[in-house]
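>>> I need the structure of the sequence given here:
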Amino acid sequence: MSDNAELSSGSLAEKWDAEADNWVAWARKPGHDSYWQFHRDLYRRLLPEPAGRVLDVGCGEGRLPRDLKSWGYDVVGVDASATLIDYAREADPGGDYHVADAAELPFPDAAFGLVSAFMSLQDVDRYGVAIREAARVLGPGGSFCFAITHPMQTAGEFHGREPDAPFVITGSYFDERRVGGKPYVRDGMSMTFHSVHRPLQDYVAALAEADLAIDRLFEWPDLSDPPGHRWRRMPMFLDCRAKKI
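As a prediction, this is how the structure comes out:
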């Protein structure tokens, strides 16, 4: 399992900090992306009932912590981007937000009953260490819930826009590599995503090494697309819950 922090020039944390203003505009536009359309509500199904403190790793501008608070959770948010944390604090002045690397969490052992990483692990430089840190700050029997871009989605691309267009993987599914890095434009908004493709077995191995046992796992297509759309044939997201052994 590779845990290379920099597969190309510049860390993922630096790339996301540079893109922070664009991400805030993208993430906060009502109904614009999958979070608002369906993914937030599906992810909520993984979460245990509120009990104890919750840590949200890679919280970005804070939209999930704000929702978690509205659902009754006592939330702490961390992100490596100081710019995004500033946005989170501005939107939620009473919230508890920290600038921190997911691989170096500034909290004691067993401080949380739940650790969440919603759509952030694929954007983390040292994801294996980050998973071990999540396990370290979890109390006995605590849950680690996360969502990632599905490795099948980042492994290849559709050749065509037709409903039956073939999905083609060029090279090896098993090779870890940077993906994204080019502007994605939709509805007049532009966002450059910076992530790493990793095979599913790498995430599972990292969970096992951290003594986290998978409890639930879901694969979701893009449910915002109509039936018959090409992205209804393929998994776009993977949501997982693991328990601290």
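>>> partners of the lengthiest strand in the chain in the sheet?
Taking DSSP state E as the criterion, the chain has its longest strand at strand 138-149. Take DSSP bridges as the rule and strand 138-149 pairs in its sheet with strand 112-118 (parallel), strand 237-244 (antiparallel).
>>> quick one, strands of this structure?
For the chain, the strands defined by DSSP E cover 53-57, 74-79, 96-99, 112-118, 138-149, 157-158, 167-168, 177-186, 189-197, 212-220, 237-244.
>>> quick check: bridge partners of W220?
Beta-bridge partners of W220, counted by DSSP bridges, are F237.
>>> I figured it hits R40, correct?
No - the pair W220 and R40 fails to qualify as a contact (C-beta atoms under 8 Å) at a distance of 11.8 Å. Where C-beta positions appear, they are placed from N, C-alpha and C, glycine not excepted.
>>> surely G58 touches Q122?
No - judged on C-beta under 8 Å, G58 makes no contact with Q122 at a distance of 9.7 Å.
>>> can you name the residues that contact the closest residue in space to Y87 that isn't next to it in sequence?
Excluding its sequence neighbours, the residue lying closest to Y87 (C-beta to C-beta, 6 or more residues apart in numbering) is E61, at 4.2 Å. Applying C-beta atoms under 8 Å, 6 or more residues apart in numbering to E61 gives the contacts A20, W23, V24, A27, R28, L84, Y87, A88, A91.
>>> kindly recompute the last result at 10 Å.
By C-beta atoms under 10 Å, 6 or more residues apart in numbering, the contact set of E61 is 20-21, 23-28, 77, 79, 81, 83-92, 97.
>>> then W36?
By C-beta under 10 Å, 6+ apart, W36 lies in contact with A27, R28, K29, P30, R63, S224.
>>> from the residues you listed, which land in helices?
Members of the contacts of W36 lying in helices (criterion: DSSP state H): A27, R28, R63.
>>> pick the most deeply packed of the strands paired with strand 138-149.
Using mean count of other C-beta atoms under 10 Å, the stretch among the strands paired with strand 138-149 with the greatest mean number of neighbours is strand 112-118 (a mean of 26).
>>> what is in contact with W220 and R40 at once?
Residues touching both W220 and R40 by C-beta under 10 Å, 6+ apart: S34, A147.
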